[in-house]
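Chemist: Turn this into a model:
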Amino acid sequence: MKKINVICPTFRSREDTIIRKIGIYYLIKSVISKKNIRLCIIDSSPKPLEIFERGKSIYRNIIYIHTPNKEEAIKRYKKIFPQAMDFCITDNHQNLKKYLEIVKAWDYFIPWDEGYPVELSLEKQFLSSRPSIGMKRNMAIAALEETFGAGDIVCYADDDDFRDENYFSTMSNLIRNYDYIRISKWLTCNFREETTMSICGFHDLKLHKDANNYWIPGISKDVKLYNSQTNESYDLLVKNRYSKLKCLAFSPISYEGAMHVFSMNLWKKAVKNFGGIPPISMAEDVLFFTQCKNFLGNEFHPYLVRNKNFNFLRCAHNNTSVIEWTASIKLDEMPKWAREKIQYISILLRSPQKLDKFQNDIKELLIQASK
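Modeler: Residues are numbered from 1 along each chain as shown. Coordinates of the predicted model:
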C-alpha cells in the first residue's frame with residue numbers, strides 16, 4: 001500500500017471565505033483514520049483555524065502549520081520542521097537573489113489570458129511577508145517526510161475542492177510507474193453569493209497528443225469556457241485559451257494544479273535540479289510541470305488519466321479561486337456523492353449553527369487523534 005502525502009496550502013482573508021473552512025474540515029474527516037495517508041495543512045491566514053489547539057502542530061497523521069509571516073514561522077517551527085522551513089524563502093535566504101531573478105523572468109514569460117481575473121505580479125507574491133503557495137507546497141511535503149518518514153506519492157488538496165471517499169486511493173493506484181498524473185474531467189459547482197441556487201457543471205476537454213507528442217484540445221477547440229466570476233461565458237473559446245503556441249510552451253495537462261498527483265521521487269529530483277515547486281502563488285503548477293519537462297527530459301513521464309467516473313468537485317464561492325467549466329448540468333444529474341456534498345455545503349453556508357456543530361465534530365476527531 002502506497003504512502004500518500006496530501007498537502008493543503010490555505011489562506012483566508014475574510015470571514016466570507018467559509019467554504020475554505022468547510023473544505024478543510026471535509027479533508028480532515030476523510031483522511032484522519034487512514035493509516036497510509038498523511039496530511040499537512042500550511043495556513044498563512046492572519047488567524048489560525050479554531051479547530052487546532054494553540055501551540056500544537058502534529059495530530060496522529062495530520063500536521064498543521066500556521067505561517068502568517070515567514071520570519072515568525074521560521075522562528076517558531078525551525079526546530080520542529082527544519083527541512084520544511086528551508087523552503088520558506090525570506091530576505092535572509094541564501095538563495096534569495098537566484099530565486100528573485102528567476103521569478104522576474106517568469107513574470108514576462110507566462111502567457112496570461114487577456115482579461116482573465118488574476119493578479120499578475122509574481123515578484124510581489126514572492127517578496128510578500130506571507131509564504132507563497134509554491135513555498136507552502138514544498139514546506140508541506142518536507143514536513144510530512146521529516147515527521148512521518150518517506151512517502152510514495154504527493155496529492156494536491158486545495159481547501160475549496162471536494163472529492164469522493166476513494167479519491168486518494170484511486171489516484172494512488174492510477175499513478176503506477178508514471179511520475180505525474182492528472183484526471184481529464186471533473187465536476188464543478190459555483191455557490192453564488194446572491195442566491196441560494198448553485199450552478200453545477202463539469203469540465204471535460206478531449207485532449208490528445210499530436211504527432212510531435214504535444215497535448216492539444218483537438219475536437220474541444222470550439223467549446224466555450226464558463227467562469228465562476230461572471231457566471232457566464234467570458235467570451236473565451238478553448239482554442240484561444242489553449243492555442244497551439246501556448247500548448248507548445250505549457251502543456252494543457254499542467255493546468256488545474258488542484259488535481260495534480262506526482263511521485264515523491266519526482267519532487268526530490270525537482271528539488272535537486274531547480275528547487276522544487278516554484279515559490280510563487282500563480283501558475284506554480286504550470287511552471288512545475290514545465291521545469292520537470294525541461295530539466296528531466298525523457299526521464300519525466302507524465303500521464304493524463306481518462307477517468308470514466310467523476311471523483312473530483314471544484315467549487316467557488318465569493319472570493320475563492322476562479323473555476324471554469326465546459327458545460328452546465330442540473331444538481332440531480334450529479335453523482336450521488338457530489339450531490340449530497342453540494343446540498344450539505346449549501347446548508348452549512350446558510351446556517352452558522354450547523355457550521356459550528358460540524359466544526360466541533362471535526363475538532364473532536366482531532367482531540368481523539370491526539371490521545
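
Chemist: okay, CA-based contacts and neighbour counts for the rest of this
Modeler: Noted.

Chemist: Longest helix in the protein, please.
Modeler: helix 352-370 (DSSP state H).

Chemist: Which elements pack onto it?
Modeler: helix 18-31, strand 58-59, helix 336-350 (3 or more C-alpha pairs under 8 Å, 6 or more residues apart in numbering; DSSP states H and E).

Chemist: Please list all residues in contact with residue 148.
Modeler: 38, 61 (C-alpha atoms under 8 Å, 6 or more residues apart in numbering).

Chemist: cool, and the one 4 residues further on?
Modeler: If you count contacts by C-alpha under 8 Å, 6+ apart, residue 152 has them with 2-5, 263-265.

Chemist: so after the one helix or strand in the chain whose mean pLDDT sits lowest, what's the next helix or strand?
Modeler: Of all helical and strand segments in the chain, the minimum by mean pLDDT, DSSP states H and E falls on strand 233-237, at a mean of 66. Beyond strand 233-237 on the C-terminal side, the first helix or strand identified by DSSP states H and E is helix 238-241.

Chemist: what mean pLDDT would you report for that following helix?
Modeler: Helix 238-241 carries an average pLDDT of 82.

Chemist: can you check stretch 46-54 too?
Modeler: The model assigns stretch 46-54 a mean pLDDT of 87.

Chemist: quick one: terminal-to-terminal distance for that stretch?
Modeler: Taking C-alpha to C-alpha, to the nearest Å, the first and last residues of stretch 46-54 lie 14 Å apart.

Chemist: what's the burial count for residue 329?
Modeler: Per other C-alpha atoms under 10 Å, the neighbour tally for residue 329 reads 14.

Chemist: quick one: it and residue 200 touch, right?
Modeler: Yes: Residue 329 is within contact range of residue 200, at 5.6 Å (criterion: C-alpha atoms under 8 Å).

Chemist: Please work out how many residues are found near the nearest residue to residue 227 once chain neighbours are set aside.
Modeler: Leaving out its chain neighbours, the residue that sits closest to residue 227 by C-alpha to C-alpha, 6 or more residues apart in numbering is residue 324, at 4.7 Å. Residue 324 has 25 neighbours, counted by other C-alpha under 10 Å.

Chemist: got a list of contacts for stretch 307-320?
Modeler: Outside stretch 307-320, the residues within contact range by C-alpha under 8 Å, 6+ apart are 16-17, 19-20, 160-164, 167, 183-193, 228, 322-323, 335, 338.

Chemist: swap the cut-off to 7 Å and go again
Modeler: 17, 19, 160-164, 167, 183-193, 228, 322-323 (C-alpha atoms under 7 Å, 6 or more residues apart in numbering).

Chemist: which ones among the residues you listed are found in helices?
Modeler: 19, 167.

Chemist: And what about residue 314, helix, strand or coil?
Modeler: Of the three states, residue 314 takes strand under DSSP: H, G, I helix; E, B strand; the rest coil.

Chemist: Is residue 293 in contact with residue 300, as I believe?
Modeler: Yes: with contact defined as C-alpha atoms under 7 Å, residue 293 and residue 300 form a contacting pair (6.1 Å).

Chemist: pLDDT weak spots in the stretch 101-250 of the chain?
Modeler: Scanning the stretch 101-250 of the chain with the threshold set as pLDDT under 70 gives 108-120, 193-197, 229-235.

Chemist: Verify the assumption that residue 226 is located in a strand.
Modeler: Yes: per three-state DSSP, residue 226 lies within a strand segment.

Chemist: My read is that it contacts residue 324, right?
Modeler: Yes: if you go by C-alpha under 7 Å, residue 226 and residue 324 touch, sitting 5.3 Å apart.

Chemist: what's near enough to touch residue 88?
Modeler: 70, 131, 135.

Chemist: For residue 71, see how far away it is.
Modeler: Counting by C-alpha to C-alpha, the gap from residue 88 to residue 71 is 8 Å.

Chemist: Then residue 336?
Modeler: Distance of residue 336 to residue 71, given as C-alpha to C-alpha: 45 Å.
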